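Participant: this one's structure only:
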């Protein structure tokens, strides 16, 4: 905006204020351009590839635009099987994950449950377990022939074969549903914790039972927030690659995300079909865009259903009464199934070159040979360095960018339309499924005259693109909570904008910034969906190494790296929570 427009929009500006305003406007366009580069590049590249790629050819190799790829996708019966599998996988995992998350959130936030802090921490542990590693552990538990749980059930009930098969659509749904729980629990528990308990108390006074109160009072009040959570995790499930890739690889049960990988990484030696992959990616993108639009509509309308009074109150914990033993048993059953069994199974798998049913004899034959092989791996130090570098740099770039986005959306001296444009653009990345981001970035940087493809930087770009949406949501919410009066007081005292940001804004936002950094770094370290499409032999990271071990049949080595990752991520997760707690205390 030039000086005349600035004076017209904000009459009475002095020359100094006008120069400052114009500098802010320039800075806004710079941040908008950087955000657009990260978010729109893969989306536009994918759409171009879908009408230009042919089987065995990359985009730009033949500049002939055609809709043949879409025609092939729409006329291929396999497409509709993929859509069916994707829909069933998404709906089923959502039903399991959200149901368990709602139950755990209500119990921990609203009831007189003993040991709430311990249970809360145990629920969070699966967040430190990479999705692929988690799926691998369940193959050891629910393998139809040799899985530990299946063998146990055969011994107890006399079944001829194991009653469960993890290499099935149902198995994929179950594992993905359990993986959703911790993050969904965090989102839903926050809603329960701020819910005014008056209506629930009045329902109890009127003689309604506990279950009737939950069904007729609590759930209807929370419906908008629950619908928002459902839509958000539907997007997460529909783009998921790790679980369908790990479990569906054996049985060749494909969903849209895994089919994109299969047609570009054929195990039979066939040429990659980038045109088909791009068309499937565009289809996945359309579904995700629709869900993002619905999600934004739902989150915008949630405020109309708020019941928080704005006054301090102490909700009286609801007594579980006769249901207490059953509730406690269900919670510990969940903890055992979701945390203890998968981790112990992974450790057991790491001690044997091939899977064996647990027994005293098998325990005596255990060895740490797989650990020695992994530690002697010639590229291990490079893999660890790549992983740490990618995670830390991705976290730093993301948190710096989204901190600027958050300030501009909430505080920037711009029109409402300009702020909303930046806000919408920063969230748009959520609509691009991870495997689609990887595919599109691969196309783009093969032809861009920059030495990025095949380096660690293309992985970092993919991570930033994937996590801008989460980071912007987190820091915009935190920025809103900081009063503008603090900035104004700093500037009245003569401090420049940079000093105000350094001495006022960042110290107050530091807990949220640190939380965002660790969240992005931890998830980047365990990410496979983006990296699987972009890595090269020189840029192997832990997640792709585990995938290669697993795909090559080296189960013990994959389990060893899985154990290492769980321990490492667990330590980082614990350290981040300690640091955030101290920062919050010092701020208070």
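Facilitator: Structure's in. What do you need? Bear in mind that the values here come from a model prediction, so they are computed numbers and not experimental data.
Participant: use CA for all of it now, contacts and neighbours both
Facilitator: Fine.
Participant: And for stretch 113-130, what's in contact with it?
Facilitator: Applying C-alpha atoms under 8 Å, 6 or more residues apart in numbering, the external contacts of stretch 113-130 come out as 107-108, 179, 182-183, 320, 324, 328, 335, 338-339, 522, 526-527, 562, 565-566, 569-570, 573.
Participant: and it, how far out from the chain's middle?
Facilitator: Distance of stretch 113-130 from its chain centroid, counting by C-alpha atoms, centre = their mean, to the nearest Å, is 18 Å.
Participant: same deal with stretch 153-168?
Facilitator: Using C-alpha atoms, centre = their mean, the distance from the centre of stretch 153-168 to the centre of the chain it belongs to is 33 Å.
Participant: Now that stretch: buried residues?
Facilitator: Across stretch 153-168, burial judged by 16 or more other C-alpha atoms under 10 Å covers 153, 162, 164, 165, 166, 167, 168.
Participant: Could you do stretch 176-192 as well?
Facilitator: By neighbour count on 16+ other C-alpha under 10 Å, the buried set for stretch 176-192 is 176-189, 191-192.
Participant: Around residue 435, how many other residues sit close by?
Facilitator: Residues within reach of residue 435, counting by other C-alpha atoms under 10 Å, total 27.
Participant: Going forward, the N-terminal residue is numbered 384.
Facilitator: Happy to do that; since the first residue is 384 now, the last one works out to residue 818.
Participant: after the helix or strand that contains it comes which helix or strand?
Facilitator: Residue 818 is part of helix 817-830, with elements assigned from DSSP states H and E. Per DSSP H and E, helix 817-830 leads on to helix 839-863 as the next helix or strand towards the C-terminus.
Participant: What are the buried residues along that following helix?
Facilitator: Quick answer for helix 839-863 (16+ other C-alpha under 10 Å): 839-859, 861-862.
Participant: Run the angle between that helix and helix 817-830 for me.
Facilitator: 130 degrees (axes from the mean of the first three to the mean of the last three C-alpha atoms, to 10 degrees).
Participant: Below-threshold pLDDT in the stretch 534-683 of the chain: ranges please.
Facilitator: 573-588, 590-593, 597, 600-602, 604, 606-608, 611, 649-654, 679, 681-683 (pLDDT under 70).
Participant: what about the helices in it?
Facilitator: Ranges of helices within the stretch 534-683 of the chain are 552-576, 581-588, 593-596, 602-621, 625-634, 639-647, 657-684, based on DSSP state H, counting those that start in this stretch.
Participant: For the stretch 784-933 of the chain, give me the ranges with low pLDDT.
Facilitator: Residue ranges of the stretch 784-933 of the chain with pLDDT under 70: 795-798, 860-861, 863-891.
Participant: Could you report the distance from residue 472 to residue 560?
Facilitator: As defined by C-alpha to C-alpha, to the nearest Å, residue 472 lies at a distance of 9 Å from residue 560.
Participant: cool, and residue 463?
Facilitator: Note on residue 463: its distance to residue 560, by C-alpha to C-alpha, is 23 Å.
Participant: ok, back up a step: so can I have a markdown table of the buried residues of stretch 536-551 showing distance to residue 934?
Facilitator: Putting the buried residues of stretch 536-551 into a markdown table (distance: C-alpha to C-alpha, whole Å) gives the following:
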| residue | distance to residue 934 |
| --- | --- |
| 536 | 28 |
| 545 | 24 |
| 547 | 22 |
| 548 | 19 |
| 549 | 17 |
| 550 | 15 |
| 551 | 17 |
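Participant: Check those residues against residue 485 and report the nearest one.
Facilitator: residue 549 (24.9 Å; C-alpha to C-alpha).
Participant: Name the nearest residue to that closest one, sequence neighbours excluded.
Facilitator: Of all residues not flanking residue 549 in the chain, residue 525 sits nearest, at 5.3 Å (C-alpha to C-alpha, 6 or more residues apart in numbering).
Participant: The one you found reaches residue 531, doesn't it?
Facilitator: Yes. Counting by C-alpha atoms under 8 Å, residue 525 does reach residue 531; the two are 6.7 Å apart.
Participant: Tell me where the stretch 834-971 of the chain has strands.
Facilitator: Shown for the stretch 834-971 of the chain, no strands are assigned by DSSP state E, counting those that start in this stretch.
Participant: show me what contacts residue 902?
Facilitator: So residue 902 contacts residue 778 (C-alpha under 8 Å, 6+ apart).
Participant: mind checking how far it is from residue 717?
Facilitator: For residue 902, the distance to residue 717 - C-alpha to C-alpha - is 24 Å.
Participant: related to what we said a few turns ago, which helices and strands does the helix holding residue 818 pack with?
Facilitator: With contacts defined as 3 or more C-alpha pairs under 8 Å, 6 or more residues apart in numbering; DSSP states H and E, the packing partners of helix 817-830 are helix 398-433, helix 639-647, helix 657-684, helix 839-863, helix 914-917.
Participant: Could you export these as JSON lines, including distance to residue 897?
Facilitator: Output for the helices and strands packed on helix 817-830, formatted as JSON lines (distance: least, C-alpha to C-alpha, whole Å):
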{"stretch": "helix 398-433", "distance to residue 897": "21"}
{"stretch": "helix 639-647", "distance to residue 897": "32"}
{"stretch": "helix 657-684", "distance to residue 897": "25"}
{"stretch": "helix 839-863", "distance to residue 897": "10"}
{"stretch": "helix 914-917", "distance to residue 897": "24"}
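Participant: Deepest-packed of the ones you listed, please.
Facilitator: helix 914-917 (a mean of 25; mean count of other C-alpha atoms under 10 Å).
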